[in-house]
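> I would like the atomic coordinates for the input below:
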Amino acid sequence: MNDLAPLLTPEGRALLDAVRGTAAADELAVATRLRREHPAALVSAALGQERLRQRAAVKFGARDAERMFFTPNGVEQSTRATVAAYRAERFKGLGVTSVADLCCGIGGDAIALARAGIRVLAVDRDPVTAAVARANMEALGLADLVEVREADVTDVDTAGHDAVFVDPARRGGRGRIFDPEAYSPPLSWAVEAARVAAHAALKVAPGIPHEAVPAEAEAEWISDGGDVKEAVLWFGTTPGAVRATLLPGPRTLLSAGLPNPPVRPVGRYLYEPDGAVIRAHLVADVARDLDGGLVDETIAYVTADDLRPTPYAAAYEITDQLPFNVKKLKALLRERGVGVLTVKKRGSAVEPEELRKKVKPQGPNAATVFLTRVAGAPTMLVGRPAAEGPSGGGPGR
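Numbering: from 1, shown residues only. The predicted model follows:
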């Protein structure tokens, strides 16, 4: 990506336009044709950038992605635009007008903050990443609101800003980093940076242990389209609060500090809480609203006798409950004519694909099987999404 500068020239921009929409299967032919009139290195850089733009469209939307610039790490690690926009609106709702965005990467959060009308100092120590972020602000017409600075974030004075946002690097040479103190910069440094600001948000991995959350912080777990994306530690809001936020929406569930729900027999309906709800330890709050209980004290499945609408869990109507036995499941699915089988598991060592190969589903009907534990016993629950309509009778025993 050291070839960013040539891509910003008129020739480079013309090449980016020329390769837009190029499919992987057509790259060789396109490259051969363009190298007749342009330097081979520049053509390769343009095609490489186009590949990154196509990958980034999932996070940023095609309209923005086709104008932006990316690095491979930037595409992988940047915040999804919907999540960044939600966070920017939270900052705006707190009355924040300026944010120091530390470890800004290619600028995904800075873009959302600027579009919310917030002035941003975006800082990254990597010169290529900072150059890409600066190019993105120019490309999207946000340069007047965002100053991009190449610097070590630990050397930046944030005193002149209403808020601080820190997104530490959570990947190293060996992949994901799970120890918050191994982040770059460490979580302890980010917490100290947050404490000196009126408001702050620290982006952390969704698997952060609850005991690692500072007492004065609010902890928020965010999912988008059912996929858990991140956790955020907020300072200057409600100390000790815990919430799960589901996008689109947003829909937010605040912890009421409830004890674990009781274990009860499997009822007519099984509810699968959203991943953000589970990570935030708010399954009890969902169970209370559903008048339900757990199928097992260690499993985050809620069961209830009634179907109640909730945005925080997917509902399934259970038709059969079986001890774990592949042959019995295969016979049941054959009897029901099930050819489309969705396999979900929680508390089971069996892999969904392994089970699917063994039962060899065939037929016109669909079903969902849950591999789990019920009151400690390995169990298979068979059913279908409750939205598909009522069935005849309750769970088979």
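
> Now do residue 348 against residue 112, distance only.
39 Å (CB to CB, to the nearest Å). For glycine as for every other residue, the C-beta is placed from the backbone atoms N, C-alpha and C.

> Need the residues that contact the helix or strand hosting residue 234.
For residue 234, the host element (DSSP states H and E) is strand 227-235. For strand 227-235, contacts defined as CB atoms under 8 Å, 6 or more residues apart in numbering pick out 79-80, 83, 87, 90, 191, 194-195, 197, 199-206, 208, 213-214, 216-223, 275-276, 279.

> Restrict those to the buried ones and give me that as a PyMOL selection.
Selection of buried members from the contacts of strand 227-235 for PyMOL, criterion 16 or more other CB atoms under 10 Å:
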select buried, resi 79+80+83+87+90+191+194+197+199+200+201+202+203+204+205+206+208+213+214+216+217+218+219+220+221+222+223+275+276+279
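
> just checking, which of the contacts of strand 227-235 belong to strands?
199, 200, 201, 202, 203, 204, 218, 219, 220, 221, 222, 223 (DSSP state E).

> Serialize those residues to CSV and add fields for pLDDT.
Putting the ones in strands among the contacts of strand 227-235 into CSV (pLDDT from 0 to 100) gives the following:
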residue, pLDDT
199, 97
200, 97
201, 97
202, 97
203, 95
204, 94
218, 98
219, 98
220, 98
221, 98
222, 98
223, 97
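
> Return the member of the residues you listed nearest to residue 166.
Distance to residue 166 across the ones in strands among the contacts of strand 227-235 (CB to CB) is lowest for residue 202, with 5.0 Å.

> First-to-last residue distance for stretch 74-82?
End-to-end distance for stretch 74-82, by CA to CA, to the nearest Å: 16 Å.

> Name the residues that touch it?
So stretch 74-82 is contacted by 52, 55-56, 59-61, 64, 87, 105-106, 108-109, 111-112, 129, 132, 167, 169-171, 203, 224, 229-230, 247-248 (CB under 8 Å, 6+ apart).

> Can you name the element that comes right after the strand holding residue 234?
Moving toward the C-terminus from strand 227-235, the next helix or strand (DSSP H and E) is strand 242-247.

> what about stretch 261-273, start to end distance?
Terminal residues of stretch 261-273 are spaced 14 Å apart (CA to CA).

> And the helices in the chain?
4-7, 10-19, 27-34, 40-60, 62-65, 72-77, 81-93, 108-115, 127-139, 187-195, 275-279, 283-290, 326-336, 352-359 (DSSP state H).

> thinking again about what came up before, can I get the ones in strands among the contacts of strand 227-235 in CSV with distance to residue 337?
Converted to CSV, the ones in strands among the contacts of strand 227-235 look like this (distance: CB to CB, whole Å):
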residue, distance to residue 337
199, 57
200, 56
201, 51
202, 52
203, 47
204, 47
218, 50
219, 46
220, 44
221, 40
222, 40
223, 34
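
> And the residue nearest the centre of the chain, how close does it get to residue 266?
By CA atoms, centre = their mean, the chain has its centre lying nearest to residue 229, at 1.9 Å. Distance of residue 229 to residue 266, given as CB to CB: 31 Å.
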